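*Asks:* Here's my sequence, what's the structure:
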Amino acid sequence: MEQKIKYLLVYGIVLFGVWANVIAQESQRFATEVTELTKKNDSIWDRNKETIVFTGSSSIRKWDNLQESFPNHQVLNTGFGGSQASDLLYYLDTLVIRYNPTKVFIYEGDNDISAKKKPNEIILTTETIIQKIKDQNPNVKIVLISAKPSISRWKLRGKYRRLNRKFERMAKKDEALLFVDVWNPMLNGRKLKRDIFISDGLHMNPKGYDIWFNAMQHLVNDK
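*Replies:* Numbering: from 1, shown residues only. Predicted structure coming up:
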């Protein structure tokens, strides 16, 4: 029995090592983009000011006027296109923790669901991200941005809704964790607002980002 337990432990460690190596190899495809992004943010970051970081996938990266939208705050955009929650975890020190933020807005899960990851897997990775950020600053506020609806991924709407419900439940259990719903404001009743997207049917035009701004401005401004 003891020998079997030892075997299972060794097997589990090996599997974890293989999994971690696969994640690292996949995430390294963003290395050049992350390096350039870090250089850009380092050049404008004032370490003497409180910092708010918006991070996640391309819906954050393409929010070009993020700092202008919140002129009374120091806001850094560390979104990197195509990323999933596991990629953000891999680069978390570089893209978030190094800036010692007082608030972190996270948008991940969109690409994860499209890549056929299960909501529970996404939640587990998100929980690890949250804990790492808290370990660096126990007073940080973390905002989970719901997955958004889109034309190109509308067929996956059931899975996105399930993920959003899990995000919302997470936030209700933790005072330091907040949830912002961008899903419903992007709908007209049960139908998607189609005029808020660019031609790819996935990313938003300025009208879409106006919806996001309206949903999030109170969370940025609240102390």
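*Asks:* Could you list the low-confidence segments of the chain?
*Replies:* In the predicted model of the chain, residues 1-25 satisfy pLDDT under 70.
*Asks:* In it, what residue spans correspond to helices?
*Replies:* 2-27, 31-44, 58-61, 66-69, 85-90, 92-95, 110-114, 119-136, 157-172, 206-221 (DSSP state H).
*Asks:* Contacts made by the third one with the rest, please.
*Replies:* It refers to helix 58-61. 54, 66, 77-83, 105, 107, 110, 148, 203-204 (CB atoms under 8 Å, 6 or more residues apart in numbering). (Glycine included, C-beta is placed from N, CA and C.)
*Asks:* Mind doing that once more with 7 Å?
*Replies:* 54, 77, 79-82, 107, 110, 148, 203-204 (CB atoms under 7 Å, 6 or more residues apart in numbering).
*Asks:* what does the second one give?
*Replies:* Where contact means CB under 7 Å, 6+ apart, the residues beyond helix 31-44 that reach it are 76, 78, 80, 91, 94-95.
*Asks:* can you pull the buried residues of stretch 93-111?
*Replies:* For stretch 93-111, burial by neighbour count (16 or more other CB atoms under 10 Å) applies to 94-99, 101-111.
*Asks:* Apologies, that question was intended for stretch 211-222.
*Replies:* 211-213, 215-216, 219-220.
*Asks:* circling back to that earlier point, could you dump the contacts of helix 31-44 to JSON lines with distance to Trp154?
*Replies:* As requested, the contacts of helix 31-44 are exported to JSON lines (distance: CB to CB, whole Å):
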{"residue": "Leu76", "distance to Trp154": "31"}
{"residue": "Thr78", "distance to Trp154": "28"}
{"residue": "Phe80", "distance to Trp154": "24"}
{"residue": "Tyr91", "distance to Trp154": "29"}
{"residue": "Thr94", "distance to Trp154": "34"}
{"residue": "Leu95", "distance to Trp154": "29"}
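*Asks:* Great, nothing more from me.
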